[in-house]
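Engineer: Here is a sequence with its predicted model. Questions after.
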2 protein chains.
Amino acid sequence: MAVVGLGWFGRDIAIPGIERSDHCELGAVVSGDREKAKAVATEADADRALTYDEYADGAGADAYDAVYVVTPNALHLPHVRTAAAHGKHVLCEKPLESTADRGRELVAVCDEAGVELMTAYRMQATRSVRWVREQLRDGVVGDPVQVHGEFSFDLLADGDPDQWRLDPDLAGGGALVDIGVYPLNTARFLLDADPVAVSAETTERPPEFDGVEEHVAFQLAFPDGVTASCTASYGAGTANRLSVLGTEGRVVLEPVFDVDTDRTITVERDGAAVSVDVTEPPEITEEFDYFATAALTDMETEPDGADGVVDTEVIEAVYESVDSGRRVSLPEE
Amino acid sequence: MAVVGLGWFGRDIAIPGIERSDHCELGAVVSGDREKAKAVATEADADRALTYDEYADGAGADAYDAVYVVTPNALHLPHVRTAAAHGKHVLCEKPLESTADRGRELVAVCDEAGVELMTAYRMQATRSVRWVREQLRDGVVGDPVQVHGEFSFDLLADGDPDQWRLDPDLAGGGALVDIGVYPLNTARFLLDADPVAVSAETTERPPEFDGVEEHVAFQLAFPDGVTASCTASYGAGTANRLSVLGTEGRVVLEPVFDVDTDRTITVERDGAAVSVDVTEPPEITEEFDYFATAALTDMETEPDGADGVVDTEVIEAVYESVDSGRRVSLPEE
């Protein structure tokens, strides 16, 4: 693997995840900062330390077979273009890009090059979430009716926020694109369905949140009258919860979205509730091994590029709903 | 008190609540069914058992100083008109009426007669809910940002549903007007604010839910970017929860909406969570004593008629949003 982007997540979460994995090893690290790349390469025993320019030029491409892109959202497309040009498989962070058009182009680039593309939806590699999906499919709470999802924290509480997240051009949006995408994608994953419409509210708060929303509330309509009531915030206390109410009960995951957190799953039905505290394998390692398996075999990748594009379309529909004051319909895939 | 309407809530909840109260006593019971009225009057030791027609004619009006109206929603107005005509104070169940116009007329009728009118928002008499409101006012979780509220059960699970709740003319709507009004009014009460707009989704399911929605999801926008993501369902498992996320933490009440249930209040902030299981005085008795105090003194009633009218306006805005596919603005009070 080449890890492209050495921010907190790439350096502290993804690289240790790769080191623990069965089917991946670290071949190269790529950063805008040569010294940082060198330091991380030494620490993580990577063969190559590359700048973005060197990576774009194909330097050291024999050191890796696949690329993990974990840069600001609007830089995904050029880095993926490079990977595809060199025939490398791609694991790309969410959201897939900063706009749906760029997301679709990213998918086309990979398709044309014949390389595997997986959107890095960590939740889809999380065993407790996958277990809940199986339970829902088996009808443990009957037919799904209403989802509630919330994910929030105080982005500016520490002194060194990842400032690109507050840059509308680099991020493509605020709390929605970075963390609202968790309840969004996880609801889609658990329901095994895509939304048909969305209504939304956002709040900015200049000067910190200017052109990017601090808070977002969005209400998704799925087929058959199922809804998901989702919120996300960069400027609130911690909320980290997903629940699925069905015709015969409810499943609650809380906490659910943090990295490698212990989950608690509660299943309620027939007047009783059972809670299970779950410690599970590191999901980032599961994710990398899943990606490697998909890249090395004929297995279909579940969170593929098309999955990532749907969320970029929903994100744009959220902003369109805020601007127009309308319930915005989503294209059928 | 005269209790007008002897369905489950009037007979099994309200009358025992009155019997336990300090400032109310039962003077009359009123029903469409003379035998039922007689049986309840005997059992509850009420002076008078009246039919609706007798009540409307003013029979036995000296047996009571105030009226508790707990009939189907669209019958509130005529029963309140009778009460006002005889100079009786009024405690009227929620929603205040089946339409906002009728709700406003109900308020005008009481104003003109100079009688006290209270909308029977049980949550506003519930000590745990009132305590949470005080905590929120004191800033225990900072400034409110996002509310989630859900209330659902399976109305048709037992064999004898209150069928007027499924009659659009008598009820004025489905799950929203009967149970969605709980998260709606309680969010308004806790935030001490009224919504400025709403976007909504509803689902009917004929033949049982025909002209009345089985499920509803509605997203309220409050001033200053605060939102409330609410759901209610007549056709799902049990959900009964309200949470307020603030800039510095979160308060969760679960369960919250059932009658005389033990509540659990959880306050989360600074990385810690404290849960308190609350057994509190019977709220229906608190409600009747509060009403009696307001009627017998100069005290202002907090959940007054205007409070009830706001919810009927929000309810109409919900249906307008569903019909138009638009975010519907609410009138400023």
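Structural biologist: Structure's in. What do you need? Everything quoted here is computed from the prediction, not taken from an experiment.
Engineer: and A:Asn185, what does it touch?
Structural biologist: Contacts for A:Asn185 (CB atoms under 8 Å, 6 or more residues apart in numbering or on different chains) come out as A:94, A:121, A:123-124, A:303, A:307, A:311. No exception for glycine: its C-beta is placed from N, CA and C like everyone else's.
Engineer: Filter those down to just the ones in helices.
Structural biologist: A:307, A:311 (DSSP state H).
Engineer: Return only those of the contacts of A:Asn185 found close to chain B.
Structural biologist: Here nothing survives when those are matched to chain B using CB under 8 Å from any CB of the partner chain.
Engineer: Make JSON lines from the contacts of A:Asn185 and add neighbour count to it.
Structural biologist: Shown next, in JSON lines, are the contacts of A:Asn185 (neighbours: other CB atoms under 10 Å in any protein chain shown):
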{"residue": "A:Lys94", "neighbour count": "23"}
{"residue": "A:Tyr121", "neighbour count": "23"}
{"residue": "A:Met123", "neighbour count": "24"}
{"residue": "A:Gln124", "neighbour count": "24"}
{"residue": "A:Pro303", "neighbour count": "26"}
{"residue": "A:Asp307", "neighbour count": "23"}
{"residue": "A:Asp311", "neighbour count": "26"}
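Engineer: mind giving me JSON lines with the contacts of A:Asn185 and columns for distance to A:Ala39 and pLDDT?
Structural biologist: Shown next, in JSON lines, are the contacts of A:Asn185 (distance: CB to CB, whole Å; pLDDT from 0 to 100):
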{"residue": "A:Lys94", "distance to A:Ala39": "27", "pLDDT": "98"}
{"residue": "A:Tyr121", "distance to A:Ala39": "30", "pLDDT": "98"}
{"residue": "A:Met123", "distance to A:Ala39": "31", "pLDDT": "97"}
{"residue": "A:Gln124", "distance to A:Ala39": "32", "pLDDT": "97"}
{"residue": "A:Pro303", "distance to A:Ala39": "31", "pLDDT": "97"}
{"residue": "A:Asp307", "distance to A:Ala39": "34", "pLDDT": "98"}
{"residue": "A:Asp311", "distance to A:Ala39": "34", "pLDDT": "98"}
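Engineer: with the contacts of A:Asn185 in mind, which one is nearest to A:Leu253?
Structural biologist: Taking CB to CB as the measure, A:Leu253 lies nearest A:Met123 of those, at 9.5 Å.
Engineer: Distance-wise, check the closest one relative to chain B.
Structural biologist: Counting by CB to the nearest CB, to the nearest Å, the gap from A:Met123 to chain B is 19 Å.
Engineer: surely that residue meets A:Arg133?
Structural biologist: No - counting by CB atoms under 8 Å, A:Met123 sits too far from A:Arg133 to count as a contact (10.0 Å).
Engineer: Find the residues that touch each one of these two.
Structural biologist: With CB under 8 Å, 6+ apart as the test, A:Met123 and A:Arg133 both reach A:Phe189.
Engineer: Any part of stretch A:130-139 near chain B?
Structural biologist: No - judged by CB under 8 Å from any CB, stretch A:130-139 stays clear of chain B, getting no closer than 12.1 Å.
Engineer: Quick check: which element contains A:Ile265?
Structural biologist: Using DSSP states H and E, the element containing A:Ile265 is strand A:263-269.
Engineer: ok, then the element right after that strand?
Structural biologist: Going down the chain from strand A:263-269, the next helix or strand is strand A:272-278, by DSSP H and E.
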